[in-house]
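# what follows is a protein structure lacking sequence information:
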Ligand code: SF4
């Protein structure tokens with residue numbers, strides 16, 4: 001997909017942050033992002049270890065699938081992923097640049 005009128009920022013100003021305790025790997029973010037920022041894959045061992053017991057059980061129930069912002073540097077802060085996520089697992093965070 002290409003750029004949309006809703007794109008609000010240059011790349012590298014905001015990044016999507018995914019709450020792996022909430023994400024159920026439903027892939028809505030991969031479908032709506034115009035810049036192909038997300039991939040849904042198996043949660044890393046490190047991220048899985050950081051989950052609460054309840055979130056671990058939920059993760060296993062969803063085959064340990066979760067979203068990662070593998071191309072976060074391409075994010076234009078359009079907000080479509082935030083709106084589309086049924087688990088409200090995505091927030092946009094402003095990057096602060098040194099210098
Ligand atoms: S806000 Fe979400 S949908 Fe929009 S460009 Fe960034 S990652 Fe993609």
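Now that the structure is in, tell me what you want to look at. Values in this document were obtained by computation on a predicted structure and should not be read as measured data.
# near the ligand, which residues of this structure show up?
Residues of the chain found near the ligand, taking CB under 6 Å from any ligand atom as the criterion, are 16, 32-35, 37, 75-81, 92. Where C-beta positions appear, they are placed from N, C-alpha and C, glycine not excepted.
# list the ones among these that fall in strands.
Among the residues of the chain next to the ligand, the subset assigned to strands under DSSP state E consists of 16, 92.
# now the buried members of the residues of the chain next to the ligand.
16, 32-35, 37, 75-81, 92 (16 or more other CB atoms under 10 Å).
# buried sites along the helix or strand hosting residue 29?
Counting by DSSP states H and E, the element that carries residue 29 is helix 28-32. Neighbour-count burial for helix 28-32, counted by 16+ other CB under 10 Å, picks out 28-30, 32.
# looking at those, which is nearest the ligand?
Compare each of the buried residues of helix 28-32 with the ligand using CB to the nearest ligand atom and the shortest gap goes to residue 32, at 5.7 Å.
# any idea which helix or strand comes after the helix holding residue 29?
Per DSSP H and E, helix 28-32 leads on to strand 39-42 as the next helix or strand towards the C-terminus.
# what stretches of the protein score poorly on pLDDT?
For the chain, applying pLDDT under 70 flags the ranges 1-6, 97-99.
# what lies in contact with the top helix by length along the chain?
Longest helix in the chain, counting residues (DSSP state H): helix 53-61. Outside helix 53-61, the residues that touch it by CB atoms under 8 Å, 6 or more residues apart in numbering are 20-21, 24, 43, 48, 51, 66.
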